[in-house]
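Enquirer: Got a predicted structure plus its sequence, pasted below:
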Amino acid sequence: MIEKVVKIENKLGLHARPASLFVKTAGQFECDIKIIKDDVEVNGKSIMGVMMLAAEKGSEITIKADGVDEKEAIDSLVKLIIVRKFDEE
Amino acid sequence: MRVRRDNFTVKDLVKDKKQELKLSIVSGEKGVDNVIKTEHLSCPGLLLSGFSQYFNANAIQILGPQEIGFLNRLKRNRLKESIRLLLGYKIPCIIVSDNLEIPDFLINSCKEKKIPLLLSKIKQCVLIHQILDYIEMTTTPYIYFHGTLVDVYGVGILFTGKSGIGKSETALALVSRGHRLVADDVIKITRRTSGILMGQGKEPVDFFHSHLEIRGIGVIDLSRIFGVRATRMHKRVEVEVELIKWGEKTDFDRTGLEGKTKTLLGVEIPYKIIPLVPGKNISVLSEMVALEHLLKLYGYDTPRIFNKKLLDILKRKGEKFAQLDKDQE
């Protein structure tokens, strides 16, 4: 299992569009993916769960991946959030 | 899954219950961040009289007519001694009930010791019940669970299974048949002291609880589409139904006699596994799970009764054949 803490940096936070990008990316991997924010843990492959986190700009989320391709999964998700900033900027 | 438990402070109590308990802070405001570490309450009458064994210093201290009456009858020196004894412990706060007049020495000492001293206009016994209720609601252990909770004929069914298996679609089918959605995707499950599991959606509950995501359609708001009857805010979790792909598992409970259970937060609930196949109507099956659960609650356990009758028939048949054996014609 790998865990990684990342900061949400795009202006509007994790709203519908970035959340959908997140679950689409997460859905490409076999491993279980969870996101934790403020003690709430949700399934990283479920759009409602990710949106319900209501992660605003500047908030920190922990991504947890567990399974055969956990490393690749974490890498792509972190890249999506930090490098690509959900292609919003 | 991590079991969580929220801490609460005197400040939270005052904020949440000020109106209901008719509370006001008399002195010791500086201590409002004191954490209340136990779900018990204490009426420290015996401590004030000098008996300090078994005293629960972590609890909120309630002073009612007896305790205050007792203090008022003490001589000045003894009164100071009693109050010093009580305030010598690290108690979270003191609440005086019945709008009683508080001895000056207690007010001043609480200020000095930074122990919040609250006054309530409510009767002591009502106050105790209300605070115990409040503590239970705020400090019960809880978990966040991935699943969908639906009220089916009054039975709270928690659907679980992998992402994309069809939990939300099952909920939608059930709601269109007249049942009610409690929460989808993120379920907060709390355990009440009475051993009951309660489920609700993610906060803010009133916003999230009526929304579902259906693959290919998107996010839908059930209370907008079906009206107020389609959803509810919280519901007791009574049965877990896990949806799995056909072929993932072969050893199903074919008779219903096994009665599998699952333990959540230390509470055992019935647990069913239903395989999904095209053409299988999961909403009808879910209704059956709920109705069977109700029948069982009312004392009628179909598989067991069926088997009992079957055994009777087998026994009688054996007798009949024995008779036939003796028949020589």
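Expert: Happy to help now that I have it.

Enquirer: Tell me which residues touch B:L276, please.
Expert: B:L276 makes contact with B:I165, B:G166, B:L243, B:I244, B:K245, B:W246, B:I282, according to Cβ atoms under 8 Å, 6 or more residues apart in numbering or on different chains. Placement of C-beta: from N, CA and C, glycine included.

Enquirer: Quickly find the element holding A:I33.
Expert: Using DSSP states H and E, A:I33 falls within strand A:32-37.

Enquirer: re earlier: weed out the non-buried ones from the contacts of B:L276.
Expert: B:I165, B:G166, B:L243, B:I244, B:I282 (16 or more other Cβ atoms under 10 Å in any protein chain shown).

Enquirer: on that earlier part again, tell me the strands beside the strand holding A:I33, with direction?
Expert: strand A:40-43 (antiparallel), strand A:60-66 (antiparallel) (DSSP bridges).

Enquirer: and among those, the most buried is which?
Expert: strand A:40-43 (a mean of 21; mean count of other Cβ atoms under 10 Å in any protein chain shown).

Enquirer: interface residues of the stretch 1-150 of chain B facing chain A?
Expert: B:M1, B:R2, B:R4, B:Y144, B:H146 (Cβ under 8 Å from any Cβ of the partner chain).

Enquirer: Can you tell me the element the fourth one falls in?
Expert: This means B:Y144. Going by DSSP H and E, B:Y144 is part of strand B:142-152.

Enquirer: before we move on, back to that, I'd like the residues of the stretch 1-150 of chain B next to chain A as a markdown table, with pLDDT and neighbour count appended.
Expert: Output for the residues of the stretch 1-150 of chain B next to chain A, formatted as a markdown table (pLDDT from 0 to 100; neighbours: other Cβ atoms under 10 Å in any protein chain shown):
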| residue | pLDDT | neighbour count |
| --- | --- | --- |
| B:M1 | 65 | 11 |
| B:R2 | 70 | 9 |
| B:R4 | 74 | 15 |
| B:Y144 | 90 | 20 |
| B:H146 | 91 | 21 |
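
Enquirer: Of all pairs in those residues, which one is the farthest apart?
Expert: B:R4 and B:H146 (15.5 Å; Cβ to Cβ).

Enquirer: sorry, back to before: ok, so of the buried ones among the contacts of B:L276, who is nearest B:G318?
Expert: Nearest member of the buried ones among the contacts of B:L276 to B:G318, counting by Cβ to Cβ, is B:I244, at 40.3 Å.

Enquirer: any idea what sits nearest that closest one, other than its immediate chain neighbours?
Expert: B:P275 (5.5 Å; Cβ to Cβ, 6 or more residues apart in numbering or on different chains).

Enquirer: Likewise for B:Y134?
Expert: B:K17 is the one closest to B:Y134 (Cβ to Cβ, 6+ apart), at 5.9 Å.

Enquirer: returning to that earlier point: please see if the following helix or strand past the strand holding B:Y144 touches chain A.
Expert: Downstream of strand B:142-152, the first helix or strand assigned by DSSP H and E is strand B:155-160. No: contact of strand B:155-160 with chain A (Cβ under 8 Å from any Cβ) is absent, the minimum separation being 11.0 Å.

Enquirer: how about whatever helix or strand comes next after strand B:155-160: buried residues?
Expert: Going down the chain from strand B:155-160, the next helix or strand is helix B:167-176, by DSSP H and E. By neighbour count with 16+ other Cβ under 10 Å, helix B:167-176 contains the buried residues B:K167, B:S168, B:E169, B:T170, B:A171, B:L172, B:A173, B:L174, B:V175.

Enquirer: Go through those and name the one nearest B:V152.
Expert: B:L174 (6.0 Å).

Enquirer: Would you mind confirming that that closest one is in contact with B:V289?
Expert: No: shown here, B:L174 and B:V289 do not form a contact pair, counting by Cβ atoms under 8 Å, at 11.0 Å.

Enquirer: quick one: low-confidence parts of the stretch 151-300 of chain B?
Expert: In the prediction, the stretch 151-300 of chain B carries no residues with pLDDT under 70.

Enquirer: For it, just list every one of the strands.
Expert: B:155-160, B:180-191, B:197-200, B:211-214, B:218-221, B:234-236, B:239-245, B:261-264, B:267-276 (DSSP state E, counting those that start in this stretch).

Enquirer: What strands flank the fourth one, and is each parallel or antiparallel?
Expert: Meaning strand B:211-214. Strand B:211-214 has these strand partners (DSSP bridges): strand B:218-221 (antiparallel).

Enquirer: Equivalent analysis for the last one, please.
Expert: In the sheet containing strand B:267-276, the strands it pairs with under DSSP bridges are strand B:239-245 (parallel), strand B:261-264 (antiparallel).
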